[in-house]
Structures are given as C-alpha cells and as structure tokens.
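Q: Sharing a sequence plus its predicted fold:
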Amino acid sequence: MFDLMSLKSWVDGRLVRYVDYALVKWIAEEQPALSNDVLPVLMAASYSASMGQVCIDLKQWLQAPELSLGASDSEDESVQALFEALRAWADGVSIAVLVEALENSQAVAADEALIATQSTPFVLVKHKGSALLYLRRYWQAEQTIVSGIRQRLNRATSVSEEDIRELLSALFQEESGQTESDNEPDWQKVACGIAASNHFSIITGGPGTGKTTTVLKLLALLQGQRLKHHLPPLAIRLAAPTGKAAARLNESIAANLARLELPELGGIQPSDLKQIIPTQVTTLHRLLKPKPNSRQFSHNKANPLVADIVVVDEASMIDIEMMASLFDGIEPDARVILLGDKDQLASVEAGYVLGDLCRGAARGSYTSHTAAWVKDVCKQTIPSAYIEEQGTTLNQAVCMLRHSYRFVEGGVIHQLASLVNREQSGKKWPTLQNIFAQSRQESPDAPALSYLQQEQSPHAELSNDVRNLLVKGYGEYFDVVAKMPSVSAGSAAFDQWGKQVLERHVSFQLLVAMRRGEWGLEGMNHRIEQLLLKAGKLRSVAGLWYLGRPVMVTQNDYSVDLMNGDIGISLLYPVNGELKQRVIFSDGHGGVRWVLPSRLQSVETVFAMTVHKSQGSEFSHTAMLLPSQSSPILTKELIYTGITRSKQYFTLISGSQAVLEDAMHRKVERSSGLSLYID
Ligand SMILES: Nc1ncnc2c1ncn2[C@@H]1O[C@H](COP(=O)(O)OP(=O)(O)OP(=O)(O)O)[C@@H](O)[C@H]1O
C-alpha cells in the first residue's frame, strides 16, 4: 500500500515530477478519507500527460503500471525496487476496486451526467468496457474534437452525387497509376469522391502518394461545382502545424497546381478554376490568431474563422489541444479535410490524433454500402479485403493512398520504410540486411542505402566511416559558405549566395533519436563542430554566431515572423559597406530574409536534428543515428519517420542490432477515447 510518504520517493527516483506529487498531495490533504489506492494512479496520470499521453487506460495500466512512469528503463536498484513494489501492489488491486476508489474521490468526476459541470482536476470515463482516467484539460480537448467531427460526419454535404460523379470523371480522365488490373482501385479518385461527399474527411498516405495532388483535384471539384451552378466560389484556407511544413506545402501546392492539367469542366476554363484554388499556406497558429501572452486564440467559439473549407496538412504533428483549438476556432459548418501520414511519429505534445482517427485506414474498413457508393459514383471497385461491415462512420470518411509516386515503387528506400512499418512478429533484421545488400548491388558506387556501425560507449570516438560521412555531408554547404562575395558585390550578390547556402544545406542532414547525452542532439552537435573544424571546413566556432552555424527556431516568434522548426544559417551581410552578422532564412516563396541574431529569441544549433523536429522536412541524403541502449522512445514510427525524410540516400548508423530489431517492433502506444467515441 502506498501513502504520501512512500510516494515522495517516486520524485527522488525521477519516476514523476515534483508537480505530479504536489498535485496528489494537495488532493490527499483536501480529502483525508481518500483511499490510498488512488494515489499512485493519479500521480501516474498527471505524469504521463507530460509524456504525450492523453489518458490512462486503467485495465492496461494495472498490467504494467511502471510503463507510464519516468525512468522505466533505469537499471538503478532503488528504482527497480520502487517498480517491483508498484507491480506487487497492482497485482493485488482489481479494476473494480480502483474504479470505485476513484469514483469516491472528490478530485475525480466520474458521473457521466456531472462530468461536464464539475471542475475536478481529473475525469474518469467508462465507455464500451474501458475505464479511462484523464486530466480534465485533455478530456475537454478530446470532447471538442469528438463533437467537431461527429457533427460534421452527420451533416449531409451540399454537393450532389450527380455532380461528384460528373466532376470526378472529368478530373480523373486517366487512371492514376494503379488500375483494377493490380486489383487496386485508383485510390486518389476514391479519396476525392469520399472527401467530396463528407463534411469531415482524412486523406492519409506515405510520402509522395499524392495527398497534395488529390486535395488539389478535390478543391477543383468543389469549386467547379460552385461555378457550374453559378454560385460564388468557396472560401478555402490551407494550413499546416509548423512554419516549416507550411513553407514546404506552399511550394508543393504552387508547383502541383501549375502542373495540374485540369479539364474544361462544363464550360469552365481550367485557368478560371485554378484562380480560385488558393496556394497560400499558413500555420495553424496564424490561422487561428494567438492572443498575446496566452495559450488562447482570437478565433474561438465566440469568434469563429470565416471559411467554407479548411485543409490542414501534416496533421500527424497536431497535438490534441491544437486540434481542439482548430475545431473550436472555425465555423461549425466549415468543411474540414486533414492530410497526413498516419504512420509518422505522434506529436511531441499529448495525443496521437491522426493515428487514432486512422485506426481502420490500412484495412480500409469500408462497409458494403460505401463500396457500392464508390462503385456507382467513383466507378472504382473496392477489393473485398478492404470491406468490413462493422466499419464505423468515421472509417467511411478516411481514405488511404497506397501507391508512392516519389520513391520508385519497390525501390530500396520504399522497401525499407515498408519493412519497418509492417506489423509483423518475426525478426526483421535478415530482411533489412537483404534490402541493404540489394541496394549495394544495384548501384555499387552510390548505393541509395548504407549501414554504418558506431560504438556508443561514453568516450567512444566516431568511426572513420561516420566521420567521413559527416565531413562530406556538411562540408558541401560549408564549401558554398566559403564562396562569400566581397562586400562591394552588393546585397543582391549576398542574397544569391545565401540562397545557395540554404539550398545546399538541405542536401544532407543527420537525425538523432534523443536530445540529451553524448550521442544525442547536444553531444553530436559538439562532435560535428569539432570534426568540421579539424577538417578545415569550419574556420572557427568562437562566438555564438560563427560563420555557417545552422540554427533551428524552437518557439514561434511572431515579432520576426519565424515559426518553431524554421532553419536559418548564420552568415555575413553588407550594411553600409561593412559586413554584419545576420541569419538567413527562406521566406517561403523562393526568396530569402536576413534577420539580426539579437532578434532571435529561441534558437539552437542544428547540425544534428531530432527525428521529431525533422517531421515535415526532406533532405537529399538523410542519415539517422540510433542509440545502442534500448529506450521506449525508439519506436517503429520514429524509424519510419527518419527513413522517409530522405529523397535519394539514406544511411542508418546504429550501435546495436538488438536495439534496432527491438525498436522496429515497438509501436507508439497512446491511450485515447477518440476512436471509442466516434463510431
Ligand atoms: N496519379 C499520379 N500520377 C503520376 N504522378 C503523380 C500522381 N499523383 C502524384 N504524382 C506525383 O508524385 C509526386 C508526389 O505527389 P504529391 O506531392 O501530391 O504527394 P504527397 O503525398 O502530397 O507528398 P508529401 O510526401 O510531400 O506529402 C508529385 O511529383 C506528383 O506530381
């Protein structure tokens, strides 16, 4: 049995934060008759929220309660003793007893009718045999999302089946890649049809599967329908969760739209149609307009953003509170279309919203009613393997694109990403080795895939191969840095030079799994600086703003119009005939901007980048360093995300085959009520 005194040792062992203990202590002091049984689980619920969990599923928690705490991979004996005591206690507690004790706590709202009207810090929800314990703010966010989606799924769209049928067949005159001969329908056409007929929809798919292409056709369909009926065009807003993702989408939307061959739709000229498809992408924050010094947005229930359609890309990166703010901040009848890769890492903040909403996507989970509709309206046959009579209403509004147009289908990077992504129980290592061997055979001089060993004991040196890789990778952009124009060349020459530096900078990127430690972000940044100095690529690291220092913005900063994740490079720029320190950033529209270093509030050196921060970016050559110690952070989603950042080359650097094998089988596990509620 735990009491407050014994739980204090959880803070000392770093199983929880002091704030988690303080919250539970306050609750226990307010209610002296409270059963001690609830103390560990309340503390775990509070702590695990800081680790990205929206709630605790009590049944699962009792089976392995230590997994929701910090230091769960610690080998420290005193920590192990705490875990053993917790497991022994959990073995003796039944779920019914725990639920009853929580229901009797004044800190927990458990009565369905009263949950919304009370203001307890915790909420207990019993639904379909599950008992989920939430911090109230996450429960509230989940409810907002659930009601935003439900209400849209129940709403009939104003676009008639006849219009969808006609416009789809005009827009998809050529089948895109997959034909019925592969026994696969044209999923892009299916996605377009499904999204046109629902007020809420999700188009998911791996890199290069045509999400952007499909959404542009969808917008052409929806705008075309308006013009056909002489109605005013729809107000469409495009957004992405980070500045970097928004800038990338800006470029890809503009390029895709320029390339898109639109037919003449019922007398409407393609050029007229293209004019009313927006290409301007903004961040979600900007879209909803943050209130100064607050987590709130100007657009909220009382003042919703006026838009008929809101499209959000890279939706896997949206955490539960941001997604709730989105649904709160737009008009209830605005159509919502989410795009993203459901297999990518979940957001760093709490929640796994896209993953949760796409639980049935890989299986299709379409009912025969949907399949018949698709056959009738989209003229596509959904294979029986994707039909499931118990598919939910939400499943019918989700479409997964399955054919990559960017990676050669069956190409080695694609094969590797698919291997990691596959749900399979057996060993993956032998297949992984075969894929690397195949890559070496295909192009012995420049294989698309390479694998390097790196010992990672605390004082180990970088291996020669890794050293060469890093010097060559980062050396390329330093070679451009070295070609700085003379001060008299003027600002246009410096703009041109800076642009080339930025372009060359994305040709190579090292990704790491962890932030801390010698082999994490901090240690590797230092090692790379030293390595580049020694190789003569970097002249000096004296002072913070040395020439060529790459930096990443770590917090949105509206005063300089820079967003979390934006990357800049410290260079020199001529001002009144003198060279001054400036940091160059892309302006997101093909140009550059020079920012005074003193105006950058939160930046960090980014030779190495965490896989989390790399989401939404792509590099010609991506190298990923995986630790040699197992950790719950190492999941298949993390490895998949790292691999799919590469456009041409991928290098895996690993210290341990066993850790890699283990990581390829570990899935992100985040409990949530989203998929339980929306059916
Ligand atoms: N049906 C198709 N036939 C031929 N090429 C296509 C098709 N669909 C998409 N492409 C091409 O494949 C590439 C990737 O498409 P797109 O940018 O739409 O994919 P995406 O899923 O949005 O990619 P990202 O990984 O950037 O999110 C583009 O060059 C696009 O023109």
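A: Ah, there it is.
Q: What about whichever residue of the stretch 501-650 of the chain sits closest to the ligand, how many residues nearby?
A: Proximity of the stretch 501-650 of the chain to the ligand (C-beta to the nearest ligand atom) peaks at E618, 7.3 Å away. No exception for glycine: its C-beta is placed from N, CA and C like everyone else's. For E618, the neighbour count with other C-beta atoms under 10 Å is 17.
Q: how much space is there between it and A397?
A: 28 Å (C-beta to C-beta, to the nearest Å).
Q: The residue of the stretch 501-650 of the chain closest to the ligand against F650, yeah?
A: No: distance between E618 and F650: 11.3 Å, which falls outside the contact criterion (C-beta atoms under 8 Å).
Q: Give the buried residues for stretch 514-523.
A: 514, 519-523 (16 or more other C-beta atoms under 10 Å).
Q: Now pLDDT, distance to Q415 and secondary structure too, for the residues you listed, in JSON lines please.
A: Below are the buried residues of stretch 514-523 laid out as JSON lines (pLDDT from 0 to 100; distance: C-beta to C-beta, whole Å; DSSP: H, G, I helix; E, B strand; the rest coil):
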{"residue": "M514", "pLDDT": "84", "distance to Q415": "27", "secondary structure": "coil"}
{"residue": "W519", "pLDDT": "86", "distance to Q415": "27", "secondary structure": "coil"}
{"residue": "G520", "pLDDT": "87", "distance to Q415": "29", "secondary structure": "coil"}
{"residue": "L521", "pLDDT": "89", "distance to Q415": "29", "secondary structure": "helix"}
{"residue": "E522", "pLDDT": "87", "distance to Q415": "33", "secondary structure": "helix"}
{"residue": "G523", "pLDDT": "89", "distance to Q415": "32", "secondary structure": "helix"}
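Q: Return the member of those residues nearest to L449.
A: Minimum distance to L449 across the buried residues of stretch 514-523 is 21.6 Å, recorded for W519 (C-beta to C-beta).
Q: Please tell me how far the residue in the stretch 1-150 of the chain that the ligand sits nearest to sits from G360.
A: Nearest residue of the stretch 1-150 of the chain to the ligand, counting by C-beta to the nearest ligand atom: I149, 22.3 Å away. Distance, I149 to G360, by C-beta to C-beta: 14 Å.
Q: Give me the more crowded residue out of these two.
A: Remark: of I149 and G360, I149 carries more neighbours, 24 against 20, as counted by other C-beta under 10 Å.
Q: need the contact list for the more buried one.
A: Listed by C-beta atoms under 8 Å, 6 or more residues apart in numbering, the contact partners of I149 are 200, 327, 336, 357, 394, 678.
Q: Look up which helix or strand the residue nearest to the first one when sequence neighbours are not counted falls in, please.
A: To tie it back to what came earlier, the one meant is F200. Leaving aside its sequence neighbours, F200 sits nearest to R152 (C-beta to C-beta, 6 or more residues apart in numbering; 3.7 Å). Per DSSP states H and E, R152 falls inside helix 136-153.
Q: which strands and helices sit next to the helix or strand just after that helix?
A: Under the assignment DSSP H and E, the closest C-terminal helix or strand after helix 136-153 is helix 161-171. On a contact count with 3 or more C-beta pairs under 8 Å, 6 or more residues apart in numbering; DSSP states H and E, helix 161-171 meets helix 187-196, helix 211-228.
Q: Need the CA coordinates for the helix holding R152. CSV is fine.
A: What follows is helix 136-153, C-alpha atoms only, in CSV (Å, rounded to 0.1, in the frame of the first residue of the first chain):
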residue,chain,number,x,y,z
ARG,A,136,-9.6,17.4,-17.3
ARG,A,137,-8.0,19.7,-19.8
TYR,A,138,-7.2,16.7,-22.1
TRP,A,139,-10.7,15.3,-21.7
GLN,A,140,-12.1,18.7,-22.6
ALA,A,141,-9.9,18.8,-25.7
GLU,A,142,-11.0,15.3,-26.8
GLN,A,143,-14.6,16.2,-26.3
THR,A,144,-14.2,19.3,-28.5
ILE,A,145,-12.6,17.2,-31.3
VAL,A,146,-15.2,14.4,-31.0
SER,A,147,-18.1,16.8,-31.2
GLY,A,148,-16.5,18.7,-34.1
ILE,A,149,-16.0,15.5,-36.1
ARG,A,150,-19.3,13.9,-35.2
GLN,A,151,-21.3,16.9,-36.1
ARG,A,152,-19.6,17.1,-39.5
LEU,A,153,-20.0,13.4,-40.2
